[in-house]
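Visitor: What follows is a predicted structure for the sequence shown.
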Amino acid sequence: MIRSVVRGTGAALPRRIMKNADFEGMVETSDEWIAQRTGIRQRHIAADDETTASLGEAAARAALANAGLTPDDIDLIVLATSTPNNTFPATAVEIQNRLGMQHGFAFDMQAVCSGFVYAVTTADLYIRGGLAKRVLVIGSETFSRILDWSDRSTCVLFGDGAGAIVLEAGEGDGTIADRGVLAASLRSDGTHKEKLFVDGGPSTTGTVGHLRMEGREVFKHAVGMITDVIEATFSAAGITADDLDWFVPHQANKRIIDASAKKLGIAEQKVVVTVDLHGNTSAASVPLALSVAVADRRIKKGDLVLLEAMGGGFTWGAVLVRW
Ligand code: ACO
């Protein structure tokens with residue numbers, strides 16, 4: 001059977017690093033509060049010339065170089081983002097153009113922080129359905145543009161960045177020993193919209209709007225939702241937490257990551273954590289964490305890797321991949 005195998009990873013971060021202490025003169029907060037409650041120590045913030053498209057392009061080029069491929073080899077780009085360059089056209093098409101591609105097709109996917117998990121699942125279906133052979137799956141965000149910089153309960157949490165992988169059609173036996181995407185589980189539930197949303201949009205206010213979040217409420221739901229969707233993925237693949245080599249969760253809050261891993265029985269040393277370096281980069285957080293753990297040689301060919309995310313909507317999901 002056809003499997004979607006990861007062939008390369010890449011990442012791109014804005015030049016400017018903003019440390020927790022840099023907020024101290026802006027809002028009533030402290031390095032200690034941010035680090036203790038979230039695990040975040042710094043985040044990258046995009047300059048005017050750094051956009052979701054430019055960061056996404058840079059991450060895509062890095063993933064192509066890592067895979068030993070060129071844009072000519074790609075036939076689909078799926079970009080997970082909630083901070084597109086324009087309302088339309090899709091920023092994926094802009095990235096396609098920046099890569100010099102006039103062939104294939106590209107589209108954006110909007111599932112907030114779960115965007116990359118949704119995008120990998122979608123790209124896998126295009127590959128297994130025979131519509132694409134090699135897909136660039138990108139998560140790129142500039143959340144700094146939609147933050148209310150006077151709201152200490154949200155502005156300290158987010159950062160900008162992009163990560164990308166190349167998925168390629170390969171042959172498998174249909175067992176979990178195959179390399180590639182092995183199982184996925186996706187969920188959404190709109191009853192929680194008010195707990196995490198942006199208070200603007202083209203069809204309502206005609207403005208971009210700002211991110212609003214009831215952090216404590218989101219936290220309350222997060223661990224249960226994350227563990228449910230991971231257990232569904234484990235049972236679809238017929239595995240347990242002990243079979244995993246690496247857990248690469250959405251990087252929103254170290255306390256959520258720790259509580260989810262503990263509830264699932266995933267050993268601490270198998271958890272990839274980058275929230276300290278990047279903050280919450282929404283759809284970019286999982287591919288950024290992946291590219292860090294691939295670059296430092298923790299994740300190796302043949303490893304069983306679990307990706308997970310939860311975010312606005314609510315949306316949540318998990319994907320199991322053999323590297
Ligand atoms: N500095 C200092 N104090 C602060 C700050 C700050 N930056 N922000 C809030 N506080 C205060 C609050 O006002 C509150 O004060 P009070 O007790 O006097 O009312 C106190 O700190 C405690 O606030 P809580 O919100 O209860 O703090 P909590 O421990 O829950 O941590 C946090 C807040 C970090 C936001 C946490 O709730 C969280 O991580 N939530 C989940 C976020 C998440 O996972 N989002 C999903 C993905 S995001 C996406 O999809 C776009």
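Guide: The structure has been received and is ready for your questions. Because the structure is predicted, anything quoted here is derived from the model rather than measured.
Visitor: Tell me, domain by domain, which residues of this structure belong where.
Guide: Under automatic domain parsing, the residue ranges defining each domain of the chain are 2-171, 180-322.
Visitor: And the longest helix belonging to the chain, what does it pack against?
Guide: Using DSSP state H to assign secondary structure, the helix with the most residues in the chain is helix 215-237. Here helix 215-237 touches strand 180-188, helix 254-264, strand 304-311, strand 315-322, going by 3 or more C-beta pairs under 8 Å, 6 or more residues apart in numbering; DSSP states H and E. From N, CA and C alone the C-beta is placed, and that goes for glycine too.
Visitor: Determine which stretch of the domains of the chain is the most buried.
Guide: Across the domains of the chain, the average number of neighbours (mean count of other C-beta atoms under 10 Å) peaks for domain 2-171, which reaches a mean of 21.
Visitor: Distance to the ligand for the domains of the chain - can I get that in JSON lines?
Guide: Shown next, in JSON lines, are the domains of the chain (distance: least, C-beta to the nearest ligand atom, whole Å):
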{"stretch": "domain 2-171", "distance to the ligand": "3"}
{"stretch": "domain 180-322", "distance to the ligand": "2"}
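Visitor: ok so, going back, how about the longest helix of the chain as CSV, C-alpha atoms only?
Guide: Output of helix 215-237 as CSV, limited to C-alpha atoms (Å, rounded to 0.1, in the frame of the first residue of the first chain):
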residue,chain,number,x,y,z
GLY,A,215,-6.5,30.8,29.4
ARG,A,216,-7.8,29.0,32.5
GLU,A,217,-10.8,27.6,30.6
VAL,A,218,-8.7,26.4,27.7
PHE,A,219,-6.3,24.8,30.1
LYS,A,220,-9.1,22.9,31.8
HIS,A,221,-10.2,21.3,28.6
ALA,A,222,-6.8,20.8,27.0
VAL,A,223,-5.4,17.7,28.8
GLY,A,224,-8.6,15.7,28.5
MET,A,225,-9.0,16.5,24.8
ILE,A,226,-5.4,15.7,24.0
THR,A,227,-5.4,12.4,25.8
ASP,A,228,-8.7,11.3,24.2
VAL,A,229,-7.5,11.9,20.7
ILE,A,230,-4.1,10.2,21.4
GLU,A,231,-5.8,7.2,22.8
ALA,A,232,-8.0,7.0,19.7
THR,A,233,-4.8,7.1,17.6
PHE,A,234,-3.1,4.4,19.7
SER,A,235,-6.1,2.1,19.3
ALA,A,236,-6.4,2.7,15.5
ALA,A,237,-2.7,1.7,15.2
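Visitor: any chance you could map the helices in the protein?
Guide: Taking DSSP H as the test, the helices found in the chain are 31-38, 52-67, 91-98, 115-128, 152-155, 215-237, 254-264, 275-278, 285-295.
Visitor: Make CSV from these and add mean pLDDT to it.
Guide: Written out in CSV, the entries for the helices of the chain read as follows (pLDDT from 0 to 100):
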stretch, mean pLDDT
helix 31-38, 98
helix 52-67, 99
helix 91-98, 99
helix 115-128, 98
helix 152-155, 98
helix 215-237, 96
helix 254-264, 97
helix 275-278, 98
helix 285-295, 98
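Visitor: mind checking which of those is nearest I176?
Guide: helix 215-237 (5.4 Å; C-beta to C-beta).
Visitor: ok, now which ones touch G68?
Guide: Contact criterion C-beta atoms under 8 Å, 6 or more residues apart in numbering gives G8 as the residues in contact with G68.
Visitor: The helices of the chain: which one's closest to D178?
Guide: Going by C-beta to C-beta, the one of the helices of the chain nearest D178 is helix 215-237, 10.7 Å.
Visitor: can you list the residues that contact that closest one?
Guide: For helix 215-237, using C-beta under 8 Å, 6+ apart, the contacting residues are 153-154, 157, 176, 182-187, 192, 195-196, 240-241, 249, 252-253, 255-256, 259-260, 263-264, 306, 308, 310, 314, 316-320.
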